[in-house]
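Novice: Quick one: sequence and predicted model below, then my questions.
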Amino acid sequence: RTYPVWTDNLCLSIFALDLGGNHFDLYDRYTYFDAIPHAHGTGAWRTKTTSPQIMRVVDQLTSASGRACVRATLVVVAAVVFLPVVTWAPERARGLAGGRAAALIRLKEWEEAASVLVDLGVITAVGRDVAAPGGWPVLDGGARMLLPGLIDAHTHTASGLHPAGTALRFGVTTMIDMFTEVRLLARFQQQRAANERVTDADVWSAGTLVTAPGGHGTQYGLNIPTLAPGADAAAFVQARLDEGSAFIKIVIDDLEVFGQSIPTLTADQVAAVVTAAHERGARTAAHVSSAHDTAIAVAAGADLLAHAPIERLDEPLVASMREQGVAVVATLSVIAGLGCTDDATDLADDPRISRYLELGQGAGLTRRSPGCNLPIFEAAMANVGDLHRAGVQVLAGTDAPNPGTTHGASLHGELDLLVRAGLGPADALVAATSAPADRFGITDRGRIAPGYRADLVLVEGDPTTTVTDTRNIVAIWKNGYPVTR
C-alpha cells in the first residue's frame with residue numbers, strides 16, 4: 001500500500017513498513033550516540049544503553065513515478081510507516097568522532113529498501129540505495145511519522161524560563177528571536193555554528209530592533225539605541241550587524257490601533273533602513289499592527305511582517321504583498337491572548353502538553369492581557385486566511401513568552417490556529433519547517449535531505465491530516481542526539 005503525501009512541489013508516496021525486533025531505550029538517561037566509522041568512511045547510529053525500548057524513525061523516499069524524490073525541496077518526512085533502529089556495540093563507540101551522533105536509519109518497503117544516513121549529526125544520504133553497515137541489527141518499528149525539527153519564527157529569548165531549552169523539549173529545534181539583549185548574540189552564533197550535543201534550540205536573533213526614541217521596544221527596561229529623526233539609517237543598520245544581528249527588525253507601530261499614541265519611525269526612515277539592510281545582504285522583518293503600518297512596510301520593500309496585522313487588509317494591499325514576495329509571521333497565539341480566547345488554556349490542559357510544562361509555563365499560557373479585544377483576533381485570523389489564499393507565504397511564530405504563550409508548547413497551538421485560519425495541515429507544517437528556514441536564509445535545516453542537520457521530531461499519528469498530532473511526540477533529536485524531555 002502507498003500513502004499519498006505532499007511536499008514542496010514533489011509528488012511523493014509513503015510506504016507502510018514491516019515490524020521487526022531489536023529494541024533499545026531511547027529515553028534512558030545514560031543513552032548517547034557516537035559516530036562509528038566503517039569501510040566506506042561513513043557512520044551508523046549506535047547506542048550505549050542500560051535498558052531496552054524502541055526507537056523509531058521514518059522517511060519518505062519515492063515519487064509516484066518511481067523516481068527518487070529527495071531533493072532540497074523536501075520539507076517533511078510524513079507518512080504512516082514502520083521504522084527501523086540500529087543498535088550498537090558499546091566497545092566500538094568509545095572515544096570516536098568526539099562523541100558526535102551518527103546513524104543509519106533503514107526503511108523497508110514491501111519490496112524494496114530505503115535508508116537515511118546520519119553521520120556526525122548531519123543527514124548525509126537518503127535513498128533506496130543507501131546500504132546499512134554490515135552486521136548491525138535493524139528494527140522496523142511501529143507506525144510513526146518523522147518531521148524536521150520545528151522552527152518558531154517569532155520568539156523572545158531574553159525572558160522566560162530557560163527559553164531555548166524549554167522550546168527544544170517540545171520539538172522546536174530552531175528559534176527566530178525578534179528582539180533580545182546584545183550580550184546573548186555571540187553565544188547564539190557559537191552554538192548554531194557547532195554541531196555538538198546541546199540542551200537548547202539554536203537561535204537566530206535580530207538583537208536590537210530599529211525603533212524611534214520612545215517608540216515600541218523601549219518600554220522593556222533595556223537600554224537600547226534608537227533611530228532619531230535625521231539620524232544615519234545606514235550607520236544604525238551597520239552597527240546592529242556588527243553586534244551580531246542575524247537580520248534587521250524594524251518597528252512601525254504608533255499603537256493607535258490600541259487607542260494609544262507613541263512615537264514611531266517615518267515612512268522615509270523605514271525605507272532607508274530597508275535599503276541599508278538589503279545593501280548589506282541582511283533581511284528585514286517589520287513589526288506592524290495596522291493596515292496603514294503594513295502598507296508602509298510593503299512600500300519600503302520589507303521582507304516579512306513580524307505579525308499578522310490586526311486590522312483587516314484590503315485586496316490591493318494583499319496583492320502587493322504577494323507581488324513583492326512579502327511573507328507574514330502569523331503570531332496568532334499571542335493575538336489570541338490579546339483576544340482572551342480559550343486557546344492557550346486548552347493547550348495547557350492537553351495532557352500531551354501539560355505533562356512536559358516546566359513550573360511557571362502553565363501560568364504563562366493562562367495569563368491574559370489586560371483589556372480583552374476579541375475583534376483584533378478575528379481580524380488577524382481573517383487576514384491570515386486571505387493572505388494564504390492569495391499566495392502570500394505564512395510562517396508559524398508565537399511571540400512567546402508574551403501573555404497567553406510559552407516557549408515550545410505554543411508552537412503546537414499556533415499550528416492549530418493556522419489550520420483554523422484556512423491553511424491545510426501540510427501548509428501549517430511548511431510554515432513551521434522549510435518556509436521560515438528559507439525566509440531567514442537558514443540553509444541547513446527545515447527539511448529531511450542530504451546536507452541538512454539531523455534535527456528531527458518523531459510523532460504518533462499523521463499531522464499532515466490532523467495537525468494536532470505534532471503534540472504526540474515520541475522522540476526528538478538535535479544535531480543527531482536524543483533530547484531528554
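Specialist: Received, thanks. Numbers count the residues shown, from 1 in each chain.
Novice: Do you know the pLDDT at the residue lying closest to residue 470 once chain neighbours are set aside?
Specialist: Nearest residue to residue 470 in three dimensions, chain neighbours excluded: residue 463, at 4.7 Å (CB to CB, 6 or more residues apart in numbering). C-beta: built from backbone N, CA, C; applies to glycine. With respect to pLDDT, residue 463 has a value of 92.
Novice: before we move on, what about residue 6?
Specialist: At residue 6, pLDDT is 31.
Novice: And for residue 428?
Specialist: Residue 428 is given a pLDDT of 98.
Novice: Would you report the backbone torsion angles of it?
Specialist: Torsion angles at residue 428 (phi, psi; degrees, to the nearest 10) stand at phi -60, psi -40.
Novice: any idea how far residue 475 is from it?
Specialist: 21 Å (CB to CB, to the nearest Å).
Novice: Same drill for the two, tell me which one is more crowded.
Specialist: residue 428 (27 against 20; other CB atoms under 10 Å).
Novice: which residues touch the more buried one?
Specialist: By CB atoms under 8 Å, 6 or more residues apart in numbering, the contact set of residue 428 is 396, 415, 418, 419, 467.
Novice: wait, isn't the fourth one in contact with residue 425?
Specialist: In other words, residue 419. Yes - the criterion here is CB atoms under 8 Å, and residue 419 meets it with residue 425 at 5.7 Å.
Novice: what sits in contact with each of these two?
Specialist: With CB under 8 Å, 6+ apart as the test, residue 419 and residue 425 both reach residue 467.
Novice: Between those two, point out the one with more neighbours.
Specialist: Neighbours per residue, other CB under 10 Å: of residue 419 and residue 425, the larger number sits with residue 425, 22 against 19.
Novice: what about the closest residue to the more buried one other than its chain neighbours, how many neighbours?
Specialist: Distances taken as CB to CB, 6+ apart put residue 467 closest to residue 425, at 4.0 Å, once the chain neighbours are dropped. Using other CB under 10 Å, residue 467 is surrounded by 26 other residues.
Novice: Relative to residue 250, how far out is residue 467?
Specialist: Residue 467 is 31 Å from residue 250, by CB to CB.
Novice: got the end-to-end distance for stretch 189-208?
Specialist: Distance between the two ends of stretch 189-208: 15 Å, counting by CA to CA, to the nearest Å.
Novice: Rounded mean pLDDT for that stretch, please.
Specialist: 95.
Novice: secondary structure element for the residue lying farthest from the centre of the chain?
Specialist: Using CA atoms, centre = their mean, the residue of the chain lying farthest from its centre is residue 230. It sits 37.5 Å away. For residue 230, there is no helix or strand it lies in under DSSP states H and E.
Novice: Does residue 176 touch residue 151 like I think?
Specialist: Yes - Residue 176 is within contact range of residue 151, at 7.0 Å (criterion: CB under 8 Å).
Novice: can you list residues touching both of these two?
Specialist: residue 436.
Novice: neighbour-wise, which of these two wins?
Specialist: residue 151 (30 against 27).
Novice: Surely the more buried one and residue 436 touch.
Specialist: Yes - using CB under 8 Å, residue 151 is in contact with residue 436, at 4.4 Å.
Novice: residues shared between the contacts of these two?
Specialist: 174, 176, 396, 442, 446.
Novice: which two in those are spaced the farthest apart?
Specialist: Distances among the shared contacts of residue 151 and residue 436 were taken as CB to CB; the most separated pair is 396 and 442, at 14.4 Å.
Novice: Distance check, the nearest residue to residue 368 once chain neighbours are set aside against residue 371.
Specialist: Closest residue in space to residue 368, ignoring its immediate chain neighbours: residue 340 at 5.1 Å, by CB to CB, 6+ apart. For residue 340, the distance to residue 371 equals 9 Å [CB to CB].
Novice: Let me see the mean pLDDT of the helix or strand containing residue 269.
Specialist: Using DSSP H and E, residue 269 falls within helix 267-279. Mean pLDDT, helix 267-279: 98.
Novice: Past that helix, which element shows up next along the chain?
Specialist: Assigned by DSSP H and E, the successor of helix 267-279 is strand 284-287.
Novice: Give the other helices and strands that that next one contacts.
Specialist: strand 248-251, helix 267-279, helix 291-300, strand 304-305 (3 or more CB pairs under 8 Å, 6 or more residues apart in numbering; DSSP states H and E).
Novice: which stretch among these comes nearest residue 184?
Specialist: Using CB to CB, the nearest of the helices and strands packed on strand 284-287 to residue 184 is strand 248-251, at 14.9 Å.
Novice: tell me the average confidence for that closest one?
Specialist: 98.
Novice: could you say what helices and strands that strand packs with?
Specialist: Packed next to strand 248-251, using 3+ CB pairs under 8 Å, 6+ apart, are helix 233-243, helix 267-279, strand 284-287.
Novice: low-confidence ranges in the protein?
Specialist: Applying pLDDT under 70 to the chain picks out residues 1-116, 127-128, 130-143, 159-161.
Novice: From the centroid of it, which residue is nearest?
Specialist: Note: the chain centre (CA atoms, centre = their mean) maps to residue 151, 0.6 Å.
Novice: contact partners of the helix or strand containing that one?
Specialist: Counting by DSSP H and E, the element that carries residue 151 is strand 150-155. Residues from elsewhere that reach strand 150-155, judged by CB under 8 Å, 6+ apart: 163, 167, 170-178, 306-307, 329, 331, 395-401, 407-408, 410-411, 414, 431-433, 436-437, 439-440, 442, 445-446, 457, 470.
Novice: and the residue nearest to residue 368, what does it touch?
Specialist: Counted by CB under 8 Å, 6+ apart, residue 340 has contacts 368, 369, 372, 373, 374.
Novice: Now the helix holding residue 269: buried residues?
Specialist: 269, 270, 271, 272, 273, 274, 275, 276, 277, 278 (16 or more other CB atoms under 10 Å).
Novice: Repeat that for stretch 361-375.
Specialist: Result for stretch 361-375 [16+ other CB under 10 Å]: buried residues 361, 362, 364, 365, 366, 369, 373.
Novice: Columns distance to residue 226 on top of the helices and strands packed on strand 284-287, output as a markdown table?
Specialist: Formatted as a markdown table, the helices and strands packed on strand 284-287 follow (distance: least, CB to CB, whole Å):
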| stretch | distance to residue 226 |
| --- | --- |
| strand 248-251 | 10 |
| helix 267-279 | 11 |
| helix 291-300 | 18 |
| strand 304-305 | 21 |
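Novice: and residue 122, which of the ones you listed is closest to it?
Specialist: Of all the helices and strands packed on strand 284-287, strand 304-305 comes closest under CB to CB, at 27.8 Å.
Novice: After the closest one, heading C-terminal, what element do we hit next?
Specialist: helix 315-324.
Novice: Just the buried positions in that following helix, please.
Specialist: Buried residues in helix 315-324 (16+ other CB under 10 Å): 317, 318, 320, 321.
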